[in-house]
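[1] let me see the structure of the following:
(2 chains)
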Amino acid sequence: MSDKKKIELPDPSDIKEDILAKYPKKVAKKRAKSMVINDPEMDQEQQSNVRTIPGIITQRGCCYAGCKGVVLGPTRDIVNLTHGPIGCGFYSWLTRRNQTDPGPDGENYMTYCFSTDMQDSNIVFGGEKKLADAIREAYEIFKPHAISIFSTCPIGLIGDDIHTVARQMKQELGINVFGFSCEGYKGVSQSAGHHIANNRIFTDVVGLDDVVRPGKFRVNLLGEYNIGGDAFILEKYFEQMDINLVSTYSGNSTVRDFENSHTVDLNMVMCHRSINYIAEMMEKKYGIPWIKVNFIGAEATAKSLRKIAEYFEDDQLKSKVEKIIKSEMKEVKIVIDQVKPRLEGKVAMMYVGGSRAHHYQELFNEMGMVTVSAGYEFAHRDDYEGRKVLDSIKIDADSRNIEELTVVKDETKFRPELPEKKASLLEKGYRFEDYEGMMPDMKKNSLVVDDISHWESEKLIEYYKPDIFCAGIKEKYVIQKYGIPMKQLHSYDYGGPYAGFKGAINFYKEIDRMINTNVWKLIAPPWKNQPEIVAKMADVEY
Amino acid sequence: MLLRHTPKEIKERKALTVNPAKTCQPIGAMYAALGIHGCLPHSHGSQGCCSYHRSTLTRHYKEPVMAGTSSFTEGSSVFGGQANLLASIQNIFTIYEPEIIAVHSTCLSETIGDDLKQIIEKAREDGKIPLGRHVIHCNTPSYVGSHITGYANMVKGAIDYFAESTGKKADRVNLISGWVEPSDMREIKRIASLMGANSILLPDTSDVVDSPQTGSFNMYPKGGTTIADMVASGDSKATLACGEWATKDAAIKLENKCKVPFEITDIPIGIQATDRFVTKLSKQAEVTIPESINNERGRLLDVITDMHQYLHGKRVALWGDPDQIIPMVEFLLDLDMKPVYIVSGTPGKRMANRLEELLSEKVPEAKYKNGELADMFLLHQWIKNEPVDLLIGNTYGKYISRDEQIPFLRMGFPIVDRIGHSYFPTVGYMGGLRIVEKILGLLMDKQDAECPETSFELVM
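    All right, here's what the predicted structure looks like:
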């Protein structure tokens, strides 16, 4: 809808130098590699997934946040027990906006915070007994379908063996109990926690329920967390297409669905960063192919729906998809036509997550806006440069500490017809595992910044004077103090949903509201530019 | 039902905390450090701690909350975090140029045994702390106490570092503020100034986390206790510390270090706690209580006498911090309300003692618990066994409120779903008036919404 070629961006080399000049020499050298002046025609290495420089004021969180907060947080039929002092459990209690529909069974522990609340004596003498007692008590009171344990920093240091406790409790209680060694210091960001979560769900949950569910087409949606109800929108499309969405990882999800998720015909990956691991492992073990999809942006949604229909090579499905697209796009176009005259050419910057800073550019493009600078908080090189660089990514000490599971084919559950289907589709030009990353989609001379620091955002705001800035809660009010509207793309500012066609419409209207509100024009008091009046009034006081 | 799995039947727990009524020490140290002018808080631990604390404080204040982190990796957890803290100090002073860095530890760095004092000393020796700049610190192991303990530790740390005694006493008192909102700190200063008491407030988050929208961002807003004032606090003639849990250690430190005598008083919430605050301040500062204070007090009493019928006998459940709960319970009793259930995750036997004194005669049926396992799950179970008319506590109460259809007054930390707390105080007589107004609004709205049409009244 937009003509990306129309606007040419200035070469940001000078501002990059200006930013680096403030840094101590070693810091400047390291940060230089995380700030890349983009050229979509050229391969350039984007430094990412490396340690944050201490004291630089980063957006990043920790491994525990990625594991408990992001991946397991949205699953409702499991007691997620934080093993550690109270803080970690407290801060991750209901603070992500993963909506859930508890359904007829009603099992939902997401509104609860469970913690072993470790005290100093537990740190000194070990917390395994307290952990076992806490699991027993949780079972006694709640009788949940499953219980999981999340280790926090001190647990790793004092050496509590949560996995042995989990095994013992599983035996004693007869429900599934498993643990995540997701201590906050592991890895360099939340990303390590995603990987650890993927691993353990794969080994301890996936494959426990082999009953093939009804429906001609069965799929999983991976990396969709139902922030603000995104997954609810997408679930409706699948219903309309008569596709059985067996499980979503992990928005509006249940452990029961994960257990059955190896029975599907296709995995669709939304957030590549947080969930590609489980897609890869399911393909190796069960033969399920995966494709990259994106439901952020109306055109991206249409493209993804068509891609799903093409996979199943079913004419009825294809016509259902076209019907959805046709009716939804009509409404999309009406709103785009309304907002575009007010938003065309406006400038956006975004630094967020591991996929959103890429996906949301689609929405801005649709409104004729231009993203001048973007970056991720915790992504890896493949999320910037595409999966073609996977083999050339150097494994450093921090990544080596995160277990890479050796997955082998499950001889009884592997479905050979799926790889065969994949091969035949590949021949026809259909693309699997096709994530090309953020950089090829960004304009020449846009500035790509990984793990942006506060200082860098401050200078870049001065330079680009954006009309809107997207990041997270910690940045929200900093940016708005500059008089620039700031849109949170983690929590959506308590709005949304923004996925699918309806979501796109919500987003266009939201950005129109934020940029064109009158309030920004009221910030300067009317007397500010009338010094003589102020001077006279001051005289009277004297 | 949002908390549908909470059973009425109470089983004793010894290990599992559910829905805590506290959080961990470091966030308190971060909040206290924001009340120091030109100060950047720094979290010595994993990135997640800093990120969580900044996020929670940001959601509560809807304001910038800046802080650094030592960004521990697995390597630093094995070999110690000295290199990370040294790098942090150098980078922060070079890039962000604060006057002060206020370092607090975390459960991670405490378990490793990092010696903050020694590392900061080394930073000084290595020339990483520019001349005239300061690095203060406190230890905040998350497995001891609560967020209130962390606040107390940072306030003590600041006094320990800065307060100096020249031997010449000044005609001035120190006011040490417990964990309250910037609006409350502003109100405490207003009351002191109405009384003509020359005072220093420490810490002071007003004009920091309630800063105006001007179209420009200032990393170090104009508020916060200045270095000059913290140094001078050692020469003040007395200290009035508001809130035993959050301020007692600092007051003792100041007495030991600089011979400044102190008195502990409750956070001035409600009539009697404010009476005590005003009386003590007038004695310490040697000023008379002005007519304007009498008038404010009178206005609060007037409203209570006018509206007593709507308050009398109403049962209340509260959760939060001892320093706020104790005067609040006293105030509710003065309103002839019945604080029947009280929990606080913050430990300290004194809380039970104080509540016993306040409640044993007037509300003998009251249940209260603080420290480990004193959580909102237990409070909710008590409510399920015999309901209450009003909930008072932080935002997490909204789940109980909705499930049980109980009016809910947001007070305490964090409040992440409403605004107002940072702008309108609950301390002092005017703060008391605001509490009464809010309670009445909630109770009377419920009456209006639920009473039969026949008894629906225009005038109330």
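
[2] tell me where chain B has strands.
    B:17-18, B:39-44, B:68-69, B:100-105, B:134-138, B:170-177, B:199-202, B:236-242, B:262-265, B:315-319, B:338-344, B:367-370, B:390-393, B:408-410 (DSSP state E).

[3] which stretch among the ones you listed comes nearest A:Arg167?
    strand B:17-18 (23.5 Å; C-beta to C-beta). All C-beta atoms are positioned from the backbone trio N, CA, C, and that covers glycine.

[4] the closest one pairs with which strands, and in what direction?
    Partners of strand B:17-18 in the sheet, by DSSP bridges, are strand A:114-115 (antiparallel).

[5] do stretch B:421-433 and chain A come into contact?
    No. Using C-beta under 8 Å from any C-beta of the partner chain, stretch B:421-433 stays clear of chain A, coming no nearer than 11.8 Å.

[6] what's that stretch in contact with?
    B:60-63, B:180-184, B:186-188, B:190-191, B:209-210, B:267-271, B:274, B:293, B:296-297, B:299-300, B:303, B:331, B:410-411, B:415, B:434-435 (C-beta atoms under 8 Å, 6 or more residues apart in numbering or on different chains).

[7] just the buried members of those?
    B:60-61, B:63, B:180-184, B:186-188, B:191, B:209-210, B:267-271, B:274, B:293, B:296-297, B:300, B:331, B:410-411, B:415, B:434-435 (16 or more other C-beta atoms under 10 Å in any protein chain shown).

[8] can I get the strands of chain B in JSON lines with distance to A:Ala134 and mean pLDDT?
    Formatted as JSON lines, these follow (distance: least, C-beta to C-beta, whole Å; pLDDT from 0 to 100):
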{"stretch": "strand B:17-18", "distance to A:Ala134": "8", "mean pLDDT": "98"}
{"stretch": "strand B:39-44", "distance to A:Ala134": "27", "mean pLDDT": "98"}
{"stretch": "strand B:68-69", "distance to A:Ala134": "29", "mean pLDDT": "98"}
{"stretch": "strand B:100-105", "distance to A:Ala134": "25", "mean pLDDT": "98"}
{"stretch": "strand B:134-138", "distance to A:Ala134": "30", "mean pLDDT": "98"}
{"stretch": "strand B:170-177", "distance to A:Ala134": "36", "mean pLDDT": "98"}
{"stretch": "strand B:199-202", "distance to A:Ala134": "39", "mean pLDDT": "98"}
{"stretch": "strand B:236-242", "distance to A:Ala134": "36", "mean pLDDT": "98"}
{"stretch": "strand B:262-265", "distance to A:Ala134": "36", "mean pLDDT": "98"}
{"stretch": "strand B:315-319", "distance to A:Ala134": "21", "mean pLDDT": "98"}
{"stretch": "strand B:338-344", "distance to A:Ala134": "19", "mean pLDDT": "98"}
{"stretch": "strand B:367-370", "distance to A:Ala134": "18", "mean pLDDT": "98"}
{"stretch": "strand B:390-393", "distance to A:Ala134": "24", "mean pLDDT": "99"}
{"stretch": "strand B:408-410", "distance to A:Ala134": "29", "mean pLDDT": "98"}
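
[9] A:Gly483 is nearest to which of these?
    So among the strands of chain B, strand B:39-44 is nearest, using C-beta to C-beta, at 23.4 Å.

[10] next, see if the closest one gets close to chain A.
    Yes. Remark: strand B:39-44 sits within contact range of chain A at B:His42, by C-beta under 8 Å from any C-beta.

[11] which strands or helices does that strand pack on?
    Applying 3 or more C-beta pairs under 8 Å, 6 or more residues apart in numbering or on different chains; DSSP states H and E, one finds that strand B:39-44 contacts helix B:25-34, helix B:47-61, strand B:68-69, helix B:82-95, strand B:100-105.

[12] got the CA positions of that strand in PDB?
    Presented in PDB, the C-alpha positions along strand B:39-44 are these (Å, rounded to 0.1, in the frame of the first residue of the first chain):
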ATOM      1  CA  CYS B  39      21.400  10.300  42.000                       C
ATOM      2  CA  LEU B  40      21.300   7.300  39.700                       C
ATOM      3  CA  PRO B  41      20.300   4.100  41.500                       C
ATOM      4  CA  HIS B  42      22.300   1.000  40.500                       C
ATOM      5  CA  SER B  43      21.400  -2.600  40.900                       C
ATOM      6  CA  HIS B  44      24.300  -4.900  41.500                       C
END
